[in-house]
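> Here is the input, now give the coordinates:
(chains A, B and C)
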Amino acid sequence: MTTTETPGMLRRILDYSSRADPYPLYAELRKTPVARQEDDTYVISTYREITDVLHNPHLSSDTRNLSHPTAGAEEQTTPAFINLDPPEHDRLRRMAMRHFGPPHTPGLVTGMEPALTDTVSGLLDDCAGKERIDIVDDFAYPFPVAVICHLLGVPREDEPRFRIWVNDLINSIDYDPKTDPKEKLDKGVQARKDLRQYLGGLLEQRHGGQGGDLLSRLANDDGPDGRMTDEEIISTANLLLIAGHETTVNLITNGMLTLLRHPQVLRRLRDEPDLVVPLVEELLRYEPPVHIIPWRAAYSDITVADTVIPKGSRIMLMLASGSRDPNRFHDPDRFDPDRRDNQHLGFGSGIHLCFGGPLARRETEIALTELVRRLDRPGLVADPPPYRRSPVLRGPIHLYVEQG
Amino acid sequence: MRVVVDLSRCEGYAQCAFLAPDAFRMHGEEALMYDPGASNARRDQVLRAAAACPVQAILVDQLEGRDAPAEGSSS
Amino acid sequence: MTSAENLQAFKRDGRIVVVGASLAGLRAAETLRDEGFTGSLTMIGDELGEPYDRPPLSKQVLTGWVPAENTKLPRRREIDAKWLLGVPASGLDLATNQVRLADGRTVPFDRVLISTGVRARPWFVESEAALDGVFVVRTREHAEGLQRALAAGPSRVLVIGAGFTGSEIASICRERDIPVTVAELAPAPLVGALGAMIGEVAADMQRARGVDLRCGVKVTQLEGDAQGRLRRAHFDDGTTIDADVAVVALGGIRNTEWLQGSGLAAGVWGIACDTGCRALDLNGLVTDDIFVAGDVARCPNPIYEYRLISLEHWANAVEQAEVAAHNMVSGQADRWPHLSIPLFWSIQFGVNIKSVGVPTFADEVVVTQGSVPDHRFVAAYGYRGRVTAAVSFNNAKWLDHYRTLIETAAPFPPACPTPDQPADMKPTPVDFPGPVLLAQGATVVVTGHDPSERRVTAAHQHR
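Reported below is the predicted structural model:
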């Protein structure tokens, strides 16, 4: 019953032509909360069912528990914690968290705030006076890249190298053997190898060092869980490098786009800077940087909304759809920074909740506050703007803004 | 300012302890201890923490001490 | 007048009295105003000062981080109430709709909410309880006094009773590097609330952190010196220890004595009510104008065979207060039932312990996820083949799933495997101690078929 759906709905969502506005398709999809696809993937699109699944211990994040492993995944000999289950997930995440947040390093994010503000100011100084700027290339991309490089201990000047790898890698996430050229997958596999090798090289220099960056600290840590292996450190750094900027660039850019589409909110934010806090939460609901968790595996037969999902099935979670579910949120398609009941899925939920969420929040809050304060009567050049390919990490590839 | 956390909702995501480390502290990996009378100087941080809570368990005073019975009075 | 007109008139200028001005009373008052009640609202409380939050008292306050004074509850809105503080209620007259206060005043009402809560069970020998250095922890003043005593660097603290509060206090003593002995009559800590298997885990945790844990023993005497200061405690096995601070953590006593003779079904387990929070009288008749909420209420729950359940849980006080308040100002067709699944937490020895459901309503328990030796796990409780509760140690993110299992009466033991399921997953008998210990340790008690119910019948026969 719940598994019948309009044929091809998922395909239409994944198709690039839907990237600018997938929301009407999500609304269609939600009519079938658990939609079984021809390839036995189960697509879950309603809030309650998504949160149920994210708290269900019978689900696995480990590709090895899929009956048909996803393409490209087999290359990962040592998965990062995002692709692991407890207890390994918990152990590795805990070890990484020791150097990033509470309980061991509670003041790190708040301590970074002056540096975040400086970076933002510097980038905006460069934009001053320009008639046309690209919010992505001039601001929303370089900002989080600088932050994550500093945090991890990756030289900022290596960015042109890893940018190519990260792009190829992300392009391969939604690889579909039926429609995509094999080259797309191969490039992703090679990029993964190259990036790991690059990070491995950095790590080698950090052993025995005293640096305060995350790579150095992971390399030389002796916490209660012992020390990560080099392979584990590389996987962790790999994950944090990519997730540390690819998501934030979307959040900041989606944020600016949304503000330009809601000029009255933009004006309000300029007058009441405190508004940025609930505003970013509303952005995480309304235009989140991560739209889809592309797969989880049913570790045993599980029942979701009366549908039995057999062991080994691939489950796809449509987070951005869940956050627009009218059964959960009042007037969900309205951007309302004053929304009080806003338990969104912007960072996921459960044990895999976004590792860097607090940093992403502060980055975006500072970025948007300063953008609206410093840009001079900004206006969109094109609406909708051109989008990146990925339906998973969804956001504009460029966001041209004219000022003055 | 006054703060209360519904710890039966709290799942230990620690977002508050990241964003307002003086007012919210993790006790071990998952248990939260907080300052129910957090300093007003930390108001911005505490409001950020409350907004970021993934289970919306943090309640911050709406009245700032108005509507209080006089301390020590019995009528 | 129709009943709808009556209701409107009552909401406009009726008189509501809330007896018990703590968490439940305050949230109820806020809900009453939220729902449009504009009549007179009177808050009666035996403690002076604004309503405050109690859970921090045995945690943040005792570590010395937060002053006891700084625990006032945040307000959701103004309540425009008359506060009668510092005087306890001493009686309730159902015939004339009046609350009597201990100082002789009477307060008339159209509807009343009883949320008088629980007080700490004192040490059983009054002269010993009065010794300098002997504490209970329930109020702000208690916590402040104990905090000062801990800050003075006592040579040893004796905690009597290893329920949640006692265990939390022992944990803080260790955190402050104060030697601590815990004496518990049951075979292990937390046994009354969570059963023997979890009790063993709790005992491990205490010993690993250097607590001198003594189970199966009873403290028989607290001995003072000539200055009236606590010096020594005597156990029933003939041993003694020297201690200058003793914390009596033997659970609570429900504040229902003031209702004796009122005709309400009130006794040691609390005041019986229906799921709409309306109080029952001794004959089981539902009253119209008397409502109950919080620790003092005994409310039936269909998930647990409609047995009357008493809870000392923070979230229950809030939810029940909201339901009671809503029902106080709503017509019959708009009333809500209070049907939530109990949730509880405790923070001790760096571990977050949470429970969902009623662990005491179970015959078997099984570890379903994680590792018991690491103190990171989830255990499910079952009663006659269905899941009735679950407990997590540093694994709270999974508990929502178990709530669903309880709601749907899922089979016990849970059949499907999870990625981090222990290899030797086998249910064991849950093994709770007898009702006397239950009364001291558990924060949720199924009271429906308990012998103490006879008190109610007996009281009726006296009338």
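> C-alpha from now on. contacts and neighbour counts both.
Noted.
> For the residue of the stretch 201-350 of chain C at minimum distance from chain A, give me its contacts.
In the stretch 201-350 of chain C, the residue that lies nearest chain A is residue C:350 (10.5 Å; CA to the nearest CA). Going by CA atoms under 8 Å, 6 or more residues apart in numbering or on different chains, residue C:350 touches B:27-29, B:31.
> same question, residue C:215
C:182-189.
> from those, which is closest to chain B?
residue C:189 (19.3 Å).
> That closest one contacts residue C:168, correct?
No - counting by CA atoms under 8 Å, residue C:189 stays clear of residue C:168, with 10.9 Å between them.
> re earlier: list only those of the contacts of residue C:215 flagged as buried.
Among these, those classed as buried by 16 or more other CA atoms under 10 Å in any protein chain shown are C:182-189.
> Helices - which of those land there?
When DSSP state H is applied, the buried ones among the contacts of residue C:215 are split such that none fall in helices.
> what's the closest of the residues you listed to residue A:84?
Checking these against residue A:84 by CA to CA gives residue C:189 as the nearest, at 34.7 Å.
> Read off the pLDDT value for the closest one.
Predicted confidence (pLDDT) for residue C:189: 97.
> list the contacts for it?
C:162-163, C:167, C:199-200, C:202-203, C:215.
> Now the stretch 301-404 of chain A against chain C: closest residue?
For the stretch 301-404 of chain A, CA to the nearest CA, closest residue to chain C: residue A:350, 5.5 Å.
> Tell me, how many residues neighbour residue A:202?
The number of residues packed near residue A:202 is 17, by other CA atoms under 10 Å in any protein chain shown.
> Surely it forms part of a strand?
No - under DSSP: H, G, I helix; E, B strand; the rest coil, residue A:202 falls outside any strand and is assigned helix.
> Without its sequence neighbours, what residue ends up closest to it?
Of all residues not flanking residue A:202 in the chain, residue A:154 sits nearest, at 7.5 Å (CA to CA, 6 or more residues apart in numbering or on different chains).
> Just confirm the one you found is within a strand.
No - counting by three-state DSSP, residue A:154 is located in no strand; its state is coil.
> returning to that earlier point: kindly provide the distance from the residue of the stretch 201-350 of chain C closest to chain A to residue A:39.
46 Å (CA to CA, to the nearest Å).
> What helix or strand is residue C:18 located in?
For residue C:18, the host element (DSSP states H and E) is strand C:15-19.
> could I have the helix or strand just after that strand exported to CSV, CA atoms only?
Next along the chain after strand C:15-19, taking DSSP H and E as the criterion, comes helix C:23-34. Only the C-alpha atoms of helix C:23-34 are listed here, as CSV (Å, rounded to 0.1, in the frame of the first residue of the first chain):
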residue,chain,number,x,y,z
LEU,C,23,7.4,22.7,38.9
ALA,C,24,3.9,21.1,38.3
GLY,C,25,2.0,23.9,40.0
LEU,C,26,3.9,26.6,38.0
ARG,C,27,3.5,24.9,34.6
ALA,C,28,-0.2,24.3,35.3
ALA,C,29,-0.7,28.0,36.2
GLU,C,30,1.0,29.0,32.9
THR,C,31,-1.2,26.6,30.9
LEU,C,32,-4.3,27.9,32.6
ARG,C,33,-3.5,31.4,31.5
ASP,C,34,-2.5,30.2,28.0
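> What residues of the following helix or strand past helix C:23-34 count as buried?
Downstream of helix C:23-34, the first helix or strand assigned by DSSP H and E is strand C:40-45. Using 16+ other CA under 10 Å as the test for burial, strand C:40-45 gives C:40-45.
> Between these, which sits nearest residue C:429?
Nearest to residue C:429 among these, with distances taken as CA to CA, is residue C:45, at 43.0 Å.
> correct me, but the closest one touches residue C:19?
Yes - counting by CA under 8 Å, residue C:45 touches residue C:19, with 6.4 Å between them.
> Hmm, residue A:282 and residue A:339 touching each other?
Yes - between residue A:339 and residue A:282 there is a contact at 7.3 Å, judged by CA under 8 Å.
> Settle it for me: which of those two has more neighbours?
residue A:282 (25 against 14).
> Can you spell out which helices and strands pack onto the strand holding residue C:18?
Contacts defined by 3 or more CA pairs under 8 Å, 6 or more residues apart in numbering or on different chains; DSSP states H and E place strand C:15-19 against helix C:23-34, strand C:40-45, strand C:106-108, strand C:111-114.
> so what strands line up beside the shortest one?
Partner strands for strand C:106-108, per DSSP bridges, with pairing direction: strand C:98-101 (antiparallel).
> List of residues touching the partner strand?
With CA under 8 Å, 6+ apart, strand C:98-101 has contacts from C:87-93, C:106-109.
> Check stretch A:246-257 too.
For stretch A:246-257, the external contacting residues (CA under 8 Å, 6+ apart) are A:135-136, A:140-141, A:144, A:280, A:283-284, A:287-290, A:360, A:363-364, A:367-368, A:380, A:393-396, A:399.
> Run a quick neighbour tally on residue 273.
Using chain A. Neighbours of residue A:273 (other CA under 10 Å): 16.
> ah, no, chain C please
Counted with other CA under 10 Å, residue C:273 comes out at 28.
> so what's the closest residue to residue A:357 other than its chain neighbours up against?
Closest residue in space to residue A:357, ignoring its immediate chain neighbours: residue A:347 at 6.7 Å, by CA to CA, 6+ apart. In this structure, residue A:347 makes contact with A:284, A:290, A:353-354, A:357, judged by CA under 8 Å, 6+ apart.
> any idea how far chain B is from the closest residue to chain A within the stretch 51-200 of chain C?
Nearest residue of the stretch 51-200 of chain C to chain A (CA to the nearest CA) works out as residue C:76 at 13.2 Å. Distance, residue C:76 to chain B, by CA to the nearest CA, to the nearest Å: 6 Å.
> can I assume that residue sits in a strand?
No - judged by three-state DSSP, residue C:76 forms no part of a strand; its state is coil.
> pLDDT at it, what is it?
94.
> same question, the one 10 residues further on
The predicted local confidence for residue C:86 comes out at a pLDDT of 96.
> Quick check: it vs residue C:73, distance?
18 Å.
> one step back: out of the contacts of strand C:98-101, which are buried?
C:87-92, C:106-109.
> Same list, these, but as CSV with distance to residue B:35 please.
Formatted as CSV, the buried ones among the contacts of strand C:98-101 follow (distance: CA to CA, whole Å):
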residue, distance to residue B:35
C:87, 29
C:88, 30
C:89, 32
C:90, 35
C:91, 37
C:92, 38
C:106, 39
C:107, 37
C:108, 39
C:109, 37
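> Name the single longest strand found in chain A.
strand A:293-298 (DSSP state E).
> one step back: closest one of the contacts of strand C:98-101 to residue A:78?
For the contacts of strand C:98-101, the nearest to residue A:78 is residue C:88 (65.0 Å; CA to CA).
> ok, that closest one touching residue C:104?
No - contact criterion CA under 8 Å: residue C:88 and residue C:104 do not qualify, at 10.5 Å.
> Which residues of chain A lie near chain C?
A:52, A:55-60, A:85-87, A:299-301, A:350-351 (CA under 8 Å from any CA of the partner chain).
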